[in-house]
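Enquirer: Let me see the structure of the following:
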Amino acid sequence: MLEEIYAQTKEHMEKSIDSLRKDYKSLRTGKVNPNILDGIKIDYYGTPTDLSQVGSVLSPDATTIVINPWEKNLLGVIDKALQAANIGVNPNNDGVVIKLFFPPMTTDQRENTVKQAKVMTDNAKVAIRNIRQNANTKAKNLLKDKLITEDENKKAQDEIQKITDSYVVKADETLKAKEKEIRTI
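Expert: Below you'll find the model as predicted:
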């Protein structure tokens, strides 16, 4: 029973770390990443559709993103969606592709991005602590139902705390790596 709780706790905490890494992809670092366009939807024949589903989104160099729609009649729609998304640059539509030219990041922009990464990491830590609380509650319920002893409950609480601490450290290590990437020119 307790092993099952530990396994579920680790699984859920791992998902929190994966979610954190996914959130980091939306942040701009020294090199422009096409993932910053994730979440931008266009009206594709009446259906909100991800930008990546209607054309190729490539980053040929460190400061440019090129969007090549599979249907040329979508250029205007994509252009409007990019302007509405307010990503910090104006789309450059040449009638064939849309190019986004990102200026190099300033020191202030890098520091603001680091702050965003810290907020994302703090949110992940909160999620990890909520998972810990849930696991502790499950262990206490086992004790209440007399399926485990007081000593087993105490050991379970300690084990759950060790698991939690290891995932908080993982979140901090992930942040350090991301901070280094953001601050690298």
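
Enquirer: what residue lies at the spatial centre of this protein?
Expert: Nearest to the mean C-alpha position of the chain, counting by C-alpha atoms, centre = their mean, stands D23 at 1.2 Å.

Enquirer: Quick check: that one touching M120?
Expert: Yes - at 4.7 Å, D23 and M120 qualify as touching, with contact defined as C-beta atoms under 8 Å. C-beta coordinates here come from the backbone N, C-alpha and C atoms, glycine included.

Enquirer: Can you spell out the domain ranges of this structure, please?
Expert: If you go by automatic domain parsing, the domain ranges for the chain are 2-26+106-183, 34-101.

Enquirer: helices or strands next to the lengthiest helix in the chain in the packing?
Expert: In the chain, with assignment by DSSP state H, the single longest helix is helix 107-144. Helices and strands touching helix 107-144, as assessed by 3 or more C-beta pairs under 8 Å, 6 or more residues apart in numbering; DSSP states H and E, comprise helix 2-24, helix 150-183.

Enquirer: Hey, what's the angle from it to helix 2-24? Just curious.
Expert: 160 degrees (axes from the mean of the first three to the mean of the last three C-alpha atoms, to 10 degrees).

Enquirer: Could I get the phi/psi values of the most far-flung residue of the chain relative to its centre?
Expert: Computed with C-alpha atoms, centre = their mean, the residue of the chain farthest from its C-alpha average is K146, at 40.7 Å. Taking degrees, to the nearest 10, you get phi 60, psi 30 for the backbone angles of K146.

Enquirer: Which of the domains of the chain has the lowest mean pLDDT?
Expert: Set side by side, the domains of the chain give their lowest mean pLDDT on domain 34-101, at a mean of 89.

Enquirer: Quick one: end-to-end length of that domain, please.
Expert: 12 Å (C-alpha to C-alpha, to the nearest Å).

Enquirer: Can you give the distance of it from its chain's centre?
Expert: Here domain 34-101 is found 20 Å from its chain centre; the criterion is C-alpha atoms, centre = their mean, to the nearest Å.

Enquirer: coming back round to it: from R132, how far out is the residue nearest to the centre of the chain?
Expert: Separation of D23 from R132 (C-beta to C-beta, to the nearest Å): 20 Å.

Enquirer: In CSV: the helices and strands packed on helix 107-144, plus distance to P104.
Expert: Output for the helices and strands packed on helix 107-144, formatted as CSV (distance: least, C-beta to C-beta, whole Å):
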stretch, distance to P104
helix 2-24, 20
helix 150-183, 13
